[in-house]
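>>> here is a sequence together with a model predicted from it:
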Amino acid sequence: MKRVLKISVFIAGLIGLVVVSYLWYLHLTYIDETVNAGSAHGYTIGQSKKEAFGVAAAQYTSREVAGIHIDEPFGTIEPVDPNYRRLEPSDSWTLFPGKRRDFFDVVKLRFVDGKLVEIHRNRQRFELP
């Protein structure tokens, strides 16, 4: 009986350790940062849309970015030269780092008067309730 109790406590402890480790991993990999001065992720505050598009195109070529999502006109496009005309009217771009279009891992660029004013990075490995 003592042996069964010891094994049960060990298994419960192991399951508890796995759960706590996973929650700690989620906490450590969460990113939510905003840059309003300087540079981040290859972009510099004050860049023109054309310059930012050039950086996105280079990141797309090197597979650092999977695409750019814009709200007006709505769509997710690949950052290649013919598509710049679709991006130009939009003042908010959402870039997808990596190889997938994942809305839980994004870099958002916000422009005012054609100049980059904010770089926001958000990455989470879980969906909040």
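Great, that's in hand.

>>> pick out the residue closest to the middle of this structure.
residue 106 (2.2 Å; CA atoms, centre = their mean).

>>> which residues touch that residue?
For residue 106, the contact set (CB atoms under 8 Å, 6 or more residues apart in numbering) comprises 94, 95, 96, 97, 121, 122, 123. Backbone N, C-alpha and C define where each C-beta goes, glycine included.

>>> relative to residue 15, how far out is the second one?
The one in question is residue 95. 38 Å (CB to CB, to the nearest Å).

>>> those two: who's more crowded?
Between residue 95 and residue 15, residue 95 has the larger neighbour count (other CB atoms under 10 Å), namely 26 against 10.

>>> doesn't residue 110 make contact with that one?
No: applying CB atoms under 8 Å, one finds residue 95 not in contact with residue 110, separated by 11.9 Å.

>>> the residue nearest to residue 42 when sequence neighbours are not counted: how many residues sit nearby?
Excluding its sequence neighbours, the residue lying closest to residue 42 (CB to CB, 6 or more residues apart in numbering) is residue 55, at 5.0 Å. Neighbour count of residue 55, defined by other CB under 10 Å: 20.

>>> right, and residue 55 touches residue 43 too?
Yes: counting by CB under 8 Å, residue 55 touches residue 43, with 5.7 Å between them.

>>> wait, is residue 32 part of a helix?
No: assessed by DSSP: H, G, I helix; E, B strand; the rest coil, residue 32 does not belong to a helix; its assignment is strand.

>>> what backbone torsions are found at the residue nearest to residue 42?
When read as degrees, to the nearest 10, the backbone of residue 55 gives phi -70, psi -40.

>>> what pLDDT does it get?
Predicted confidence (pLDDT) for residue 55: 91.

>>> for it, give me its contacts.
For residue 55, the contact set (CB under 8 Å, 6+ apart) comprises 42, 43, 47.
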